[in-house]
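>>> whatever this is, show me its structure:
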Amino acid sequence: MSDKSTILVVDSNHSNLELLSQQLGREGYQTLTAASIAELDKAIQGKEKIALSLIDISGFDQHIWQCCEELHKAKTLFIVISAQRSSTIQRHSMEHGASGLLVKPIYWNIYTQCLVTKL
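Numbers count the residues shown, from 1 in each chain. Below is the predicted model:
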């Protein structure tokens, strides 16, 4: 399983970031994490090949959409995670190239379905 793809996990909540990263690790995925825009920018510009990004937009300002646009330009698949269902968030997600939108709460089987489908 160590040959599975690298997933970038983005969440401003350090506890949630660590939990999701650990769970992905148990599934055999390599993870990169980012808890701030600066860390996300660094990951996007880094040398690591990212197969998929899971981006929880909660706690970030509008700059998160510019980062999403950069991921899209780099042809990196990403899924936006939101605390609420909103047509505005859905529109922004799609306009900036998201492969999908998940609304919290998200159960682990939903994550695994996304991983199997997108990777």
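>>> relative to residue 42, how far out is residue 16?
Relative to residue 42, residue 16 is positioned 20 Å away (C-beta to C-beta, to the nearest Å). (C-beta placed from N, C-alpha, C; glycine too.)
>>> out of these two, which sits in the busier spot?
residue 16 (17 against 12; other C-beta atoms under 10 Å).
>>> could you give the separation of stretch 50-57 from the chain centroid?
Centroid separation for stretch 50-57 versus its chain: 2 Å, with C-alpha atoms, centre = their mean, to the nearest Å.
>>> ugh, wrong one, I meant stretch 13-21
12 Å.
>>> what does stretch 88-105 give?
Worked out by C-alpha atoms, centre = their mean, stretch 88-105 lies 11 Å from the chain centre.
>>> and the contacts of stretch 20-30?
1-2, 4-7, 9, 11, 31, 33, 54, 108, 111-112, 115 (C-beta atoms under 8 Å, 6 or more residues apart in numbering).
>>> from these, which land in strands?
Members of those lying in strands (criterion: DSSP state E): 6, 7, 9, 31, 33, 54.
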